[in-house]
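Undergrad: give me a 3D structure for the following:
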Amino acid sequence: MSIKYELIIYWSEQDQSFVVEVPELQGCMADGETYEQAVANAQQVIEEWINTARDLGRTVPVPKGRLMYA
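TA: As a prediction, this is how the structure comes out:
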């Protein structure tokens, strides 16, 4: 599956890991000890989020690309 959702990636000092948020998919987050691991985990979580939404008959948002924040 090709992932086209925007990822917000940051270091969490509190968790001592990289955190990835997927703002277009409500509640979709992942983490990892390395940047690369966090992104790989996010890809897996995104696929699971989408599969679960489809199984439940919910709408899966179309990726919008770069989001603008105030």
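
Undergrad: what's in contact with whichever helix or strand Thr52 is part of?
TA: In the assignment (DSSP states H and E), Thr52 maps to helix 35-55. By CB atoms under 8 Å, 6 or more residues apart in numbering, the residues outside helix 35-55 that reach it are 1, 3, 5, 7, 9, 17-20, 22, 25, 27-32, 59-60. Any C-beta I mention is one placed from the backbone N, CA and C, and that applies to glycine too.

Undergrad: give me that answer again for 7 Å
TA: 1, 3, 5, 7, 9, 18-20, 22, 25, 28, 30-32, 60 (CB atoms under 7 Å, 6 or more residues apart in numbering).

Undergrad: and for stretch 10-23?
TA: 5-9, 28-35, 38-39, 42, 46, 67.

Undergrad: give me the mean pLDDT for it.
TA: Mean per-residue pLDDT for stretch 10-23: 97.

Undergrad: can I get it as CSV, trimmed to CA atoms?
TA: Extracted in CSV, the C-alpha atoms of stretch 10-23 (Å, rounded to 0.1, in the frame of the first residue of the first chain):
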residue,chain,number,x,y,z
TYR,A,10,9.1,14.7,16.3
TRP,A,11,11.3,13.6,19.1
SER,A,12,9.6,13.1,22.5
GLU,A,13,12.0,13.6,25.4
GLN,A,14,9.4,12.3,27.8
ASP,A,15,9.0,9.0,25.8
GLN,A,16,12.6,8.9,24.6
SER,A,17,11.3,8.0,21.1
PHE,A,18,10.3,9.5,17.8
VAL,A,19,6.6,10.1,17.5
VAL,A,20,4.6,10.1,14.3
GLU,A,21,1.2,11.7,14.0
VAL,A,22,-1.1,11.3,11.0
PRO,A,23,-3.4,14.3,11.3
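
Undergrad: mind listing what's buried along it?
TA: Using 16 or more other CB atoms under 10 Å as the test for burial, stretch 10-23 gives 17-22.
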